[in-house]
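**Student:** here's a sequence, model it:
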Amino acid sequence: MTRRSITKRAAIVTAAAVVALGTVGTVAATAGPEHAKKPSTKQITTLFDTWNATLQTGDADKVADLYAKNAVLLPTVSNKVRTNHAQIVDYFEHFLQNKPVGKKVKTIVNVLDSDSAIDTGVYEFTLTDPKSGAKRVVEARYSYTYEKLDGVWKIVNHHSSAMPEG
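**Tutor:** Next comes the predicted model:
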């Protein structure tokens with residue numbers, strides 16, 4: 001072989017290797033959990049439905065299990081900031097005595113990436129007085145920040161405050 005054919009063959013082999021590695025690199029860069037599909041707005045809004053249905057069980061532990069271990073809860077009917085599981089359970093033990101039934105009035109969802117989203121808006125709760133049975137409706141602003149942790153959507157931050165003009 002001549003020097004020219006050796007150089008030409010080396011160039012072809014090098015080009016083929018670059019194309020092959022480039023294809024493998026592209027496949028590797030777009031595969032895996034880092035590039036998982038973002039959830040839909042509907043998928044995020046149904047997380048509230050799950051939370052609301054869990055309230056109906058009357059089980060504060062089940063409700064608190066929907067929150068991440070280090071979640072922050074700024075609740076509607078308590079002045080205490082809740083920052084751990086036990087504190088969140090404590091809040092719901094008291095709140096659930098009112099048999100709350102929630103309903104969204106307005107919702108705005110912002111899907112940040114495949115593992116995080118924010119749901120904000122206005123909701124209302126029908127509460128039943130445990131002694132008299134009288135019902136009242138409380139309208140509040142809310143925000144839920146969700147993260148997918150170990151494949152499960154958890155609430156990492158939940159803020160709820162009664163409407164100031166209500």
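
**Student:** shaky segments in this protein?
**Tutor:** Scanning the chain for pLDDT under 70 picks out 1-35, 166.

**Student:** what about the helices in it?
**Tutor:** Using DSSP state H, the helices of the chain run over 3-30, 41-55, 60-64, 85-95.

**Student:** packing partners of the shortest one?
**Tutor:** Secondary-structure packing of helix 60-64 (3 or more CB pairs under 8 Å, 6 or more residues apart in numbering; DSSP states H and E): helix 41-55, helix 85-95. C-beta: built from backbone N, CA, C; applies to glycine.

**Student:** now the last one
**Tutor:** Taking 3+ CB pairs under 8 Å, 6+ apart as the contact definition, the neighbouring helices and strands of helix 85-95 are helix 60-64, strand 67-74.

**Student:** Ile44: which of these is closest?
**Tutor:** Set against Ile44 and scored by CB to CB, these come closest in strand 67-74, at 15.7 Å.

**Student:** okay, the angle between that closest one and helix 41-55?
**Tutor:** Angle between the axes of strand 67-74 and helix 41-55 is 80 degrees (criterion: axes from the mean of the first three to the mean of the last three CA atoms, to 10 degrees).

**Student:** tell me which other helices or strands strand 67-74 touches.
**Tutor:** Counting contacts by 3+ CB pairs under 8 Å, 6+ apart, strand 67-74 is packed against helix 85-95, strand 152-162.

**Student:** contacts only, for the closest residue to Thr126 other than its chain neighbours.
**Tutor:** Of all residues not flanking Thr126 in the chain, Val101 sits nearest, at 4.7 Å (CB to CB, 6 or more residues apart in numbering). Residues touching Val101, when contacts are defined by CB atoms under 8 Å, 6 or more residues apart in numbering, comprise Asn52, Leu55, Gln56, Phe125, Thr126.
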